[in-house]
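Sequence and predicted structure are below.
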Amino acid sequence: MNLDFRIVGSPQEWQLLQTDWDELVKRQAGSILGIDATSTYMWATTLWSNHLNQAGMEVLIAESGGKLQALMPLFRGTKTIHSLRCRTLSPVTELYSGRCGFLLAEPRAELLKALLDALRAELPDWDVFVFTLVKDSVSEKLLKQCVGRQELRIENIANQKSPYIALDRPWEEYFASLPRKFRWNLKNFEKKMNSSGAVVHRVYEHGSDLEQFHLAVQEIEKGSWKEG
């Protein structure tokens with residue numbers, strides 16, 4: 001595939017990419033190993049506005065035949081690594097995000113390799129590329145394939161534990177695998193909730209449910225230590 005790379009630096013140009021941008025996110029969403037809403041256009045521009053003071057974000061895009069194939073919103077900074085002050089280049093999701101990864105039209109190592117090559121060719125004057133990936137995600141697997149094909153030196157500098165849990169077994173089996181004290185606490189909390197009223201479980205999955213979901217979250221927040 002012949003790819004054309006360019007840097008998009010203005011909010012007006014980013015807005016034109018919004019539909020295709022979010023489509024790349026949707027293709028990799030859907031599981032706790034996939035990327036989430038913090039990789040979307042709206043999230044990136046919010047970080048640009050609130051964390052970068054509406055300056056300093058560059059969006060590297062790859063196109064083929066006029067169609068978007070890859071995209072990476074980036075910002076520059078500095079970081080001390082091995083006692084050396086380095087100029088860093090990072091996806092904007094490094095400022096604040098959940099599950100993030102490489103935004104590619106197709107999960108192909110060749111496409112990611114070309115994108116990483118473009119970082120060096122199209123964006124000069126940086127020393128270290130700093131990024132976060134979900135372990136065992138598509139992005140991490142593709143990166144491992146690229147490491148063997150390029151002269152890349154990759155180092156793990158930090159780890160975070162995900163708050164998400166894969167419920168890929170029947171609930172009874174999963175519950176039985178939990179620590180005994182945790183199971184006791186969970187049953188005790190359930191008894192307390194039942195004493196206050198009926199416990200109802202509901203899944204919110206449509207945009208029309210947003211307002212009711214938002215009100216429920218607010219009600220929980222008002223009862224927490226943060227309300228004061």
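Here it is on my side, so go on.

Tell me, how many residues neighbour the residue nearest to residue 56 when sequence neighbours are not counted?
Of all residues not flanking residue 56 in the chain, residue 75 sits nearest, at 5.3 Å (CB to CB, 6 or more residues apart in numbering). The C-beta positions use only the backbone N, C-alpha and C, and glycine is treated the same way. Using other CB atoms under 10 Å, residue 75 has 21 other residues around it.

what do you get for residue 213?
If we define neighbours as other CB under 10 Å, then residue 213 has 13 of them.

and it, what is it in contact with?
residue 204 (CB atoms under 8 Å, 6 or more residues apart in numbering).

quick revisit: tell me which residues of the one helix or strand the residue nearest to residue 56 maps to come out buried.
Assessed by DSSP states H and E, residue 75 sits inside strand 67-81. Residues of strand 67-81 classed as buried by neighbour count (16 or more other CB atoms under 10 Å): 68-75, 77.

Same check on stretch 140-152?
Buried-residue list, stretch 140-152, by 16+ other CB under 10 Å: 142-143, 146.

what's the answer for stretch 6-25, then?
8, 14, 17, 20-22, 24-25.

picking up where we left off before, could I get the buried residues of stretch 140-152 as a markdown table with distance to residue 222 and pLDDT?
Formatted as a markdown table, these follow (distance: CB to CB, whole Å; pLDDT from 0 to 100):
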| residue | distance to residue 222 | pLDDT |
| --- | --- | --- |
| 142 | 44 | 94 |
| 143 | 43 | 93 |
| 146 | 48 | 88 |
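
Cool, thanks, talk later.
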